[in-house]
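Chemist: quick one, fold the following:
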Amino acid sequence: MGSRPFGVAVNPAGTRVYVTNNGGGSGNTVSVIDTARNSVIATVPVGAAPTGVAINPAGTRVYVGNINSFNVSVIDTTTNTVIATVPGVANATSVAVNSSGTQVFVTNPSVNNVSIIDAASNTVSSTVAVADPRSVALNPVDGRAYISNQSSDTITSERILRESP
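Modeler: Numbers count the residues shown, from 1 in each chain. Sure, this is the predicted structure:
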């Protein structure tokens, strides 16, 4: 395992766990854990200070928010390598993928918005203003996004964000 583990995501099959390693030394990586053996099978270098991590519904891509690099790393789960880096996010703290795997939502508390990444092109397609967003979760049934807003003690919901059909 790397230094200062932070974010954790499990693939849809339950066979792999992805852990962001936020600290120095062996930080700035993602550890890939085989759940059958409960051991690290790969270590993937990503951007600086990785935090949030999410996996697409197909289990083929892992999205990692890198706070100090101001980007999102996209990992191919077959090769355990970074296949794209998405710039244009600031202080990427939390990451979630919609149920169709077409959009990735990233909270950016330092600039008070949520970036929406087009998963096909790995580019930021839009941003939505949200006060001090810290974490994001998507409801797979109705497609609503829920964002925690730390400084205002509120939750932003479907009135602001809604995933595309």
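
Chemist: any low-confidence regions in the chain?
Modeler: Residues of the chain meeting the criterion pLDDT under 70: 1, 24-26, 158-165.

Chemist: so which residue is smack in the middle of it?
Modeler: Val95 (2.9 Å; Cα atoms, centre = their mean).

Chemist: I'd like to check which residues are in contact with that one.
Modeler: Neighbour list for Val95: 7, 52-54, 63-65, 72, 104-107, 136 [criterion: Cβ atoms under 8 Å, 6 or more residues apart in numbering]. Glycine gets a C-beta too; all of them are placed from N, C-alpha and C.

Chemist: and what of Pro87?
Modeler: Per Cβ under 8 Å, 6+ apart, neighbours of Pro87: Phe70, Asn71, Val124.

Chemist: might one say that the last one is in contact with Val114?
Modeler: Which is Val124. No: with contact defined as Cβ atoms under 8 Å, Val124 does not count as touching Val114 (10.4 Å).

Chemist: neighbour-wise, which of these two wins?
Modeler: Taking neighbours as other Cβ atoms under 10 Å, Val124 and Val114 compare with Val114 leading, 24 against 17.

Chemist: nearest residue to Val30 in space, please, no chain neighbours.
Modeler: With Cβ to Cβ, 6 or more residues apart in numbering as the criterion, Val30 has its nearest non-adjacent residue at 4.5 Å, and that residue is Val44.

Chemist: if Pro45 is in a bridge, with which residues?
Modeler: Beta-bridge partners of Pro45, counted by DSSP bridges, are Thr29.

Chemist: oh, that last question was meant for Ile147, not what I typed.
Modeler: Val136, Thr156.

Chemist: near Thr154, how many residues? Count them for me, please.
Modeler: Considering only other Cβ under 10 Å, Thr154 is surrounded by 13 other residues.
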